[in-house]
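Visitor: How does the following fold in three dimensions:
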Amino acid sequence: MEHYEVIEKALINIENNLERPLSLDSVANSFNISKYYFHRLFSAMMGCSLNQYILSRRLNSSVKLIQNENLSLTDIAYQLNFGTPSSFTRAFKRQYGIAPSSLREKNVTVPLAPIPLVVKRPIKNINGDIVTDFTLTEFEAIQVCGIAFEVDLATDDYKTKIRSHSKMLLNNIDETISGSCYVIYSNCQPNSTRFKVLFGIPHDLQIDKPYYFNIDVPQLFCARFRYFGDLLDIGDVLVTDFARFLKISKQEPENSHIELIQVFKNIHTLDSDYHIYVPIKKLPIDSDV
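Guide: Next up, the predicted model:
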């Protein structure tokens, strides 16, 4: 079984047993995996510890139960293994910013979160730490022609926006053109979730329309990550992966106007495997990394 399949099955197992005692030992034993390895794998794939995840899902499950006025908050606390009603109330307020009793008042709602998707990517083990597989490499200088726009990674529609602009580009080029395409992200301002984006291809195109540009991407020293499937939820998954990479590899991010570059093999297929390049400082690395 692939590592991401183990985590996918573990999430389902957890969801079906939220009213039972759950521990690292019990979940790991379900897959005949060492609890130490499972802990590292789960943290690497989900960006949080198993206990943090279980707590979050129990709180998510409690929302429906709270809305059922036949159950007291004390009953719910014990039913979902919170230990004490006060522990339940404190945890609920930390996650949602309101007391659980507030959900029984008018016009107060908490959105339910589905079981999160497990993003498929290869992993590597470095001195006992599991991290998303990476390669330290030079991103060669390239000229890219494409369409520029802005996205907000904190919203749900940024993938739709990227896809719509990819179709706009395809409608303005020869249909026989194929090959790699590039999504180049540049942060609008420090710590912002808004990014300037150029979606383009490495061809010398002359498109005389607003927002179409030819840009020269300089050579960059990067950490390269590989992912599989649909457009990545960059705001969550890559941030966690990159933070673990920096910690384990002892590298430092480069102060570049280009935040990251997403490279797809085929401009006509944005739901296959792809690479993400993140600029980092070119520092000496340990021989075992």
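
Visitor: Point out where the stretch 51-200 of the chain drops to low pLDDT.
Guide: By pLDDT under 70, the low-scoring segments of the stretch 51-200 of the chain are 106.

Visitor: could you show me where the strands are in it, in order?
Guide: 123-126, 129-132, 134-139, 142-152, 181-187, 194-201 (DSSP state E, counting those that start in this stretch).

Visitor: give me phi/psi at the spatially most central residue of the chain?
Guide: The residue lying closest to the centre of the chain (CA atoms, centre = their mean) is residue 237, at 1.8 Å. Per-residue torsions, residue 237: phi -70, psi -50 (degrees, to the nearest 10).

Visitor: give me every residue that touches it.
Guide: Applying CB atoms under 8 Å, 6 or more residues apart in numbering, we find residue 237 in contact with 47, 119, 227. (Each C-beta comes from the backbone N, C-alpha and C, glycine too.)

Visitor: Residue 41 contacts residue 130, correct?
Guide: Yes: between residue 41 and residue 130 there is a contact under CB atoms under 8 Å: 5.6 Å.

Visitor: what's the overlap in contacts for the two?
Guide: With CB under 8 Å, 6+ apart, residue 41 and residue 130 have common neighbours residue 123.

Visitor: Who has more neighbours out of the two?
Guide: residue 41 (23 against 20; other CB atoms under 10 Å).

Visitor: what about that one, which helix or strand?
Guide: helix 35-46 (DSSP states H and E).

Visitor: same thing with residue 246?
Guide: Secondary structure (DSSP H and E) places residue 246 in helix 237-249.

Visitor: After that helix, which helix or strand is next?
Guide: strand 260-266.

Visitor: Tell me what angle that next one forms with strand 134-139.
Guide: 90 degrees (axes from the mean of the first three to the mean of the last three CA atoms, to 10 degrees).

Visitor: chain center to strand 260-266, what's the gap?
Guide: Taking the mean of its C-alpha atoms, strand 260-266 sits 16 Å from the chain's own mean (CA atoms, centre = their mean, to the nearest Å).

Visitor: List the pairing partners of that strand within its sheet, with orientation.
Guide: Looking at strand 260-266 with DSSP bridges, its partner strands are strand 181-187 (antiparallel), strand 269-279 (antiparallel).

Visitor: Can you report how many residues neighbour the residue nearest to residue 12 when sequence neighbours are not counted?
Guide: Take residue 12 and drop its neighbours on the chain: the residue closest to it by CB to CB, 6 or more residues apart in numbering is residue 115, 7.1 Å away. Residues lying near residue 115 (other CB under 10 Å) number 12.

Visitor: Would you agree residue 115 is in contact with residue 13?
Guide: No: in this structure, residue 115 is not within contact of residue 13 by CB under 8 Å, at 10.8 Å.

Visitor: List the pairing partners of the strand or helix carrying residue 222 within its sheet, with orientation.
Guide: Using DSSP H and E, residue 222 sits in strand 220-227. Sheet pairing of strand 220-227 (DSSP bridges) gives strand 134-139 (antiparallel), strand 269-279 (antiparallel).

Visitor: From the chain's centroid, how far away is the last one?
Guide: Averaged C-alpha coordinates place strand 269-279 at 13 Å from its chain's average position (CA atoms, centre = their mean).

Visitor: List just the nearest of the contacts of residue 237 to residue 107.
Guide: Checking the contacts of residue 237 against residue 107 by CB to CB gives residue 47 as the nearest, at 32.7 Å.

Visitor: And the pLDDT for the closest one?
Guide: With respect to pLDDT, residue 47 scores 90.

Visitor: Appreciated, that's everything.
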